[in-house]
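J.: whatever this is, show me its structure:
(one chain, ligands or ions: 3)
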Amino acid sequence: MPAEAVGLLFDATLCVGCKACVAACKRVNDLPPDYNSAVDGLWDMPLDTTARTWNVIKVFKQGAAANKDQVEDGYAFRKSSCLHCVDPSCVSACPVSAMKKDPQTGIVSYNPDTCIGCRYCVAACPFGIPKFDYDSPTGKIGKCELCRHRIAEGQYAACAEVCPTGATLYGKVSDLAAEARRRVALEPGTTTVYPRGNLTTGDQPSWEGPVAHYQPSIYGEREVGGTQVLHLSAVPYALMGYPTLPERSFASRSETLQHTLYSGLVLPIALFGAMTWVARRNSRGHDDQQGGEQ
Ligand code: SF4
Ligand code: SF4
Ligand code: SF4
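T.: Ligands and ions are numbered 1, 2, ... in the order given. So this is what the prediction gives:
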């Protein structure tokens, strides 16, 4: 993780499901409307991330779905967008480096000019985030790039900027992780201050609200080597639809496997080279002998 890495903290207990972040993401990234099907084509309401929708709010529901952030007859909202992994599988899988991780900000970006449309990144992502645009004549991948074009202009992630409750918060990952740990350590039912917008610069007024019964862990702190987008929830992560993943990144596993295979191939290649040299030397001796007999 770069020291100056930036990211998001999504706190499901603060999300009211307004989807202002979904609309803002579309607006600042100039993304066209998306439809579930031709039948309900009136609505820009995709069920999951697509090449044209890089941020969606999903809902967990059980029973009567009457109690927010509870499992029993409960419901809760969750943000689904790129997590900007510390060791991203999409970057590791891309054969032409169209997916890149920035060494300063840690943002995982996509370059459509380099992309050959192989979709390895789509298959490699453990969170099912990048999607291929089959409707485009040339075909390209779409995924959240943490509003890097806005960061270059001194702004920050639009989804965090418009979020009315601070459920989506932008900032340096070190600040976001400290804020997440602070919330998890609070006594449920007490009151605390919730920042909004950019946590690191404190550009928006904060507000006071009750503390939920948080899950004890921060999703993204350890999963697949860590991510720059962290999540908090009162409902268990697995029920919310977050994949249960190992701590070691898949990228480091596959690269270790490749290196082992390649280093294991050195000996057979050397042996093959030696055998070829001996065979050529013997055949030359044989040719010389035949030439002498004639
Ligand atoms: S803008 Fe904030 S509160 Fe509204 S849906 Fe997005 S994360 Fe939730
Ligand atoms: S969440 Fe998926 S698309 Fe985003 S950086 Fe990680 S592997 Fe890549
Ligand atoms: S950081 Fe930008 S691109 Fe990513 S989900 Fe938020 S608004 Fe969309």
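J.: wait, a strand at Arg150?
T.: No. Using DSSP: H, G, I helix; E, B strand; the rest coil, the secondary structure at Arg150 is helix, not a strand.
J.: which helix or strand contains the closest residue to Glu4 other than its chain neighbours?
T.: Excluding its sequence neighbours, the residue lying closest to Glu4 (CB to CB, 6 or more residues apart in numbering) is Gln104, at 5.7 Å. C-betas here are computed from N, CA, C, even on glycine. Assigned by DSSP states H and E, Gln104 belongs to no helix or strand.
J.: all further residue positions should be reported with the first residue as 48.
T.: In the new numbering, first residue 48, that becomes Gln151.
J.: ok, Gln151 touching Arg195?
T.: No. Using CB atoms under 8 Å, Gln151 is not in contact with Arg195; the gap is 10.9 Å.
J.: can you give me the helices for this structure?
T.: Applying DSSP state H to the chain gives helices spanning 67-75, 136-140, 167-171, 195-198, 205-209, 220-232, 284-287, 297-340.
J.: may I see the buried residues of the third one?
T.: Under the neighbour-count criterion of 16 or more other CB atoms under 10 Å, helix 167-171 has 167-169, 171 buried.
J.: near ligand 3 at all, stretch 242-252?
T.: No. Counting by CB under 6 Å from any ligand atom, ligand 3 has no neighbours in stretch 242-252; the shortest distance is 12.0 Å.
J.: what's the span of that stretch, first residue to last?
T.: End-to-end distance for stretch 242-252, by CA to CA, to the nearest Å: 7 Å.
J.: Cys210 contacts Arg243, doesn't it?
T.: Yes. Between Cys210 and Arg243 a contact is recorded at 6.8 Å, counting by CB under 8 Å.
J.: joint contacts of these two?
T.: The contact sets of Cys210 and Arg243 overlap at Leu216 (CB atoms under 8 Å, 6 or more residues apart in numbering).
J.: the nearest residue to Leu216 once chain neighbours are set aside - how many residues pack around it?
T.: Leaving aside its chain neighbours, Leu216 sits nearest to Leu56 (4.5 Å; criterion: CB to CB, 6+ apart). Using other CB atoms under 10 Å, Leu56 has 28 other residues around it.
J.: tell me who's in contact with Leu56.
T.: Leu56 sits next to 215-216, 218, 223, 226-227, 246, 276-279 when contact means CB under 8 Å, 6+ apart.
J.: go on, Ser136?
T.: Going by CB under 8 Å, 6+ apart, Ser136 touches 168, 171-173, 271, 296-298.
J.: now do Arg243
T.: By CB under 8 Å, 6+ apart, Arg243 lies in contact with 210-213, 216, 251-254.
J.: ligand 1 contacts on the stretch 98-247 of the chain?
T.: 104, 124, 126, 209-212, 214-215.
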